[in-house]
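Trainee: coordinates for the following, if possible.
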Amino acid sequence: MMEIRLTPLASGSKGNATLIQWQNNCLLIDCGPNAKTLDARLDDLGLTGADLTAIIVTHEHSDHINGAPVFARRHNLPIYMSRGTYMAASHKFNGQESIAFFDIHSSFELEGLHIHPFPVPHDARENCAFTFSLEKDADEHLGYLTDCGHITPHIVEALQACTHLALEANHCPKMLQVGPYPAQLKKRVGGDYGHLANEQAAALLQALPQVEDVRLMHLSEQNNAPEKALEIIRQAADAHVNISVAWQDKPSDVLIYNPKKALLKQAS
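Mentor: A predicted model of the protein is given here:
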């Protein structure tokens, strides 16, 4: 079946990893948790590291890359990242990993999956998000956007074709303000190169009328609450949009993207 399945395996400041499945292939977006944790999460889904094709990394922060070297060596997986990310994280690798570079302004293909990176503002060397499709010039995409300080016109344009979206909703500004973080960290998280607040995620969804299904990603355990994020974002979204939260400590609900227009073209 022509579909892409996105399953968050871990989402939050303690480690991020998201499974992408298409045809008979799988990859991980980011690999923050340790190899033991990731093996257990894959086992929950009836998979092993041997089922994976690759790891792709959004940026060098530890909650997104720390588990990648060991996990990649254990399962003989290539790690795809930008050159900027590698330059910032090269000390984490021992030279035995297979590293492949992509340009965050250019699409590339893995086993029939078209991956479209694009830059997003975050306090990392060369941070990116992605959209995915099963055709190079598909009319519809699945999107993945986390670790983003603010929404730019380029982000809206990059996600405009998405019907399914994994979207950061990191914090509630009021909770962040009164929460336990030191002042400098509060400033970083809430700044233009930090993380998206619930209201920013909600505003982005209003600019993306094609979106039908959303997973809210990277919720802060200290500065957000699932019910708060869901309330704010559901109020902003159309009633037909399905929205649920991705969890830190277990696999979350799968996001299943079926490229309807592509299927209709094939049928005609």
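Trainee: burial measure for residue 249, as a count.
Mentor: 12 (other C-beta atoms under 10 Å). Glycine gets a C-beta too; all of them are placed from N, C-alpha and C.
Trainee: ugh, typo on my part, it should be residue 171
Mentor: 29.
Trainee: how close does it get to residue 191?
Mentor: Applying C-beta to C-beta, to the nearest Å, the value for residue 171 to residue 191 is 12 Å.
Trainee: swap in residue 199?
Mentor: According to C-beta to C-beta, residue 199 stands 15 Å off from residue 191.
Trainee: before we move on, what about residue 248?
Mentor: 23 Å.
Trainee: the two: who's more crowded?
Mentor: residue 248 (18 against 13).
Trainee: what residues are up against that one?
Mentor: Residue 248 is in contact with 10-12, 14-15, 219, 221, counting by C-beta atoms under 8 Å, 6 or more residues apart in numbering.
Trainee: number of nearby residues for the residue nearest to residue 81 when sequence neighbours are not counted?
Mentor: Once flanking residues are discounted, residue 81 sits nearest to residue 57: 4.1 Å by C-beta to C-beta, 6 or more residues apart in numbering. Using other C-beta under 10 Å, residue 57 has 24 neighbouring residues.
Trainee: double-check residue 57 against residue 27; I have them as touching.
Mentor: No - counting by C-beta atoms under 8 Å, residue 57 does not reach residue 27; the two are 10.9 Å apart.
Trainee: any idea which helix or strand carries the residue nearest the centre of the chain?
Mentor: Ranked by distance to the mean C-alpha position of the chain (C-alpha atoms, centre = their mean), the top residue is residue 144 at 4.2 Å. Using DSSP states H and E, residue 144 sits in strand 141-145.
Trainee: which residues are contacting that strand?
Mentor: Contact with strand 141-145 is made by 4, 6, 18, 29, 116, 120, 129-133, 155, 158-159, 161-168, 204, 255, 257, as judged by C-beta under 8 Å, 6+ apart.
Trainee: restricted to helices, list those residues.
Mentor: Counting by DSSP state H, those place 155, 158-159, 204 in helices.
Trainee: can you tell me which two in those residues are farthest apart?
Mentor: Farthest apart among the ones in helices among the contacts of strand 141-145 by C-beta to C-beta are 158 and 204. That separation is 11.2 Å.
Trainee: residue 10 touches residue 37, doesn't it?
Mentor: Yes - with contact defined as C-beta under 8 Å, residue 10 and residue 37 form a contacting pair (7.1 Å).
Trainee: comparing those two, which residue is more hemmed in?
Mentor: More neighbours surround residue 10 than the other of residue 10 and residue 37, with 25 against 18 (other C-beta under 10 Å).
Trainee: tell me the spacing between that one and residue 49.
Mentor: Distance from residue 10 to residue 49, by C-beta to C-beta: 15 Å.
Trainee: and if you look at residue 110?
Mentor: Taking C-beta to C-beta, one finds residue 110 at 16 Å from residue 49.
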